[in-house]
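K.L.:
next input, structure requested:
(2 chains)
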Amino acid sequence: KQEVTQIPAALSVPEGENLVLNCSFTDSAIYNLQWFRQDPGKGLTSLLLIQSSQREQTSGRLNASLDKSSGRSTLYIAASQPGDSATYLCAVKGESNSGYALNFGKGTSLLVTP
Amino acid sequence: NAGVTQTPKFQVLKTGQSMTLQCAQDMNHEYMSWYRQDPGMGLRLIHYSVGAGITDQGEVPNGYNVSRSTTEDFPLRLLSAAPSQTSVYFCASSYAQGASYEQYFGPGTRLTVT
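P.N.:
Take a look at the predicted model:
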């Protein structure tokens, strides 16, 4: 069974810092990897999706990388802002997943202080 | 384009009661699924559907029932609510073909069973 781990579980940084969130997965036979943002009491917002054939994706201050062979992905947030405070979830779609199910990590809770 | 919508936003049930959580999407996505999110457990797949008339079980299907009579709607039924079903429920959808398979999530239904 695919296991997805996110480290650290929680992170607090001062505004303006660049930061990296880590995601690792045990089965490298993935179709894609998706990073989500979840605000307290809210749903999941898709941030970036990386296909298995890609190495990275960028959107604004966010950059996600994928090393499929080593089972790792990172989400890089540049020049962090208090509005970036949220929980960030990593999810993988395995090649063998029935029905396109995603396997989720438990998330990294990010707090950016002014 | 409303995306994925869920109703109700909040619900309190007594043990043994039944109810239906509604999910609809207007993106003509073939694939729809239900997840539950519990503290410390991450998101877990309950049921999914790859098209109208086709459903299958996910990781935690017991106590839940689904049907898919149209492409747009995918309701989740709690047959006899139990306190263990207290959770936040998310519906998601995506295309079932193509390169992306990016999944879109609804805002969630917060259910408490007393």
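K.L.:
report the contact partners of the residue nearest to the spatial centre of chain B.
P.N.:
Geometric centre of chain B, nearest residue: B:Trp34, 2.8 Å, by Cα atoms, centre = their mean. By Cβ atoms under 8 Å, 6 or more residues apart in numbering or on different chains, the contact set of B:Trp34 is B:21, B:23, B:45-48, B:58, B:64, B:66, B:74, B:76, B:89-92. C-beta: built from backbone N, CA, C; applies to glycine.
K.L.:
do that again at 6 Å, thanks
P.N.:
Contact partners of B:Trp34, counting by Cβ atoms under 6 Å, 6 or more residues apart in numbering or on different chains, are B:Ile46, B:His47, B:Leu76, B:Cys91.
K.L.:
show me what from chain A comes close to chain B.
P.N.:
Listed as neighbours of chain B in chain A under the rule Cβ under 6 Å from any Cβ of the partner chain: A:Gly43, A:Leu44, A:Leu49, A:Gly99, A:Tyr100, A:Ala101, A:Phe104, A:Lys106.
K.L.:
from those residues, which has minimum pLDDT?
P.N.:
In terms of pLDDT, A:Gly99 ranks lowest among the residues of chain A next to chain B, with 59.
K.L.:
buried ones in the strand ranked longest in chain B?
P.N.:
Ordering each strand of chain B by length in residues (DSSP state E) puts strand B:42-51 first. Across strand B:42-51, burial judged by 16 or more other Cβ atoms under 10 Å in any protein chain shown covers B:Gly42, B:Leu43, B:Arg44, B:Leu45, B:Ile46, B:His47, B:Tyr48, B:Ser49, B:Val50.
K.L.:
near chain A, which of the residues you listed show up?
P.N.:
B:Gly42, B:Leu43, B:Leu45, B:Tyr48, B:Val50.
K.L.:
what's the most distant pair in those?
P.N.:
Greatest spacing in those, by Cβ to Cβ: B:Gly42 and B:Val50 (23.0 Å).
K.L.:
how about stretch B:95-114 against chain A, any contact?
P.N.:
Yes - applying Cβ under 6 Å from any Cβ, one finds stretch B:95-114 in contact with chain A at B:Tyr101, B:Glu102, B:Phe105, B:Gly106, B:Pro107, B:Gly108.
K.L.:
filter those down to the ones in strands?
P.N.:
Per DSSP E, those map to strands at B:Phe105.
K.L.:
show the buried residues in the residues of stretch B:95-114 next to chain A.
P.N.:
Looks like the residues of stretch B:95-114 next to chain A have B:Tyr101, B:Phe105, B:Gly106, B:Pro107, B:Gly108 buried, using 16+ other Cβ under 10 Å.
K.L.:
burial measure for B:Asn28, as a count.
P.N.:
Look at B:Asn28: counted by other Cβ atoms under 10 Å in any protein chain shown, it has 9 neighbours.
K.L.:
once you drop chain neighbours, what's closest to it?
P.N.:
Once flanking residues are discounted, B:Asn28 sits nearest to B:Thr71: 6.4 Å by Cβ to Cβ, 6 or more residues apart in numbering or on different chains.
K.L.:
and the one you found, how many neighbours?
P.N.:
Applying other Cβ under 10 Å, we find 17 residues neighbouring B:Thr71.
K.L.:
ok but A:Gly83 is inside a helix, no?
P.N.:
Yes - counting by DSSP: H, G, I helix; E, B strand; the rest coil, A:Gly83 is part of a helix.
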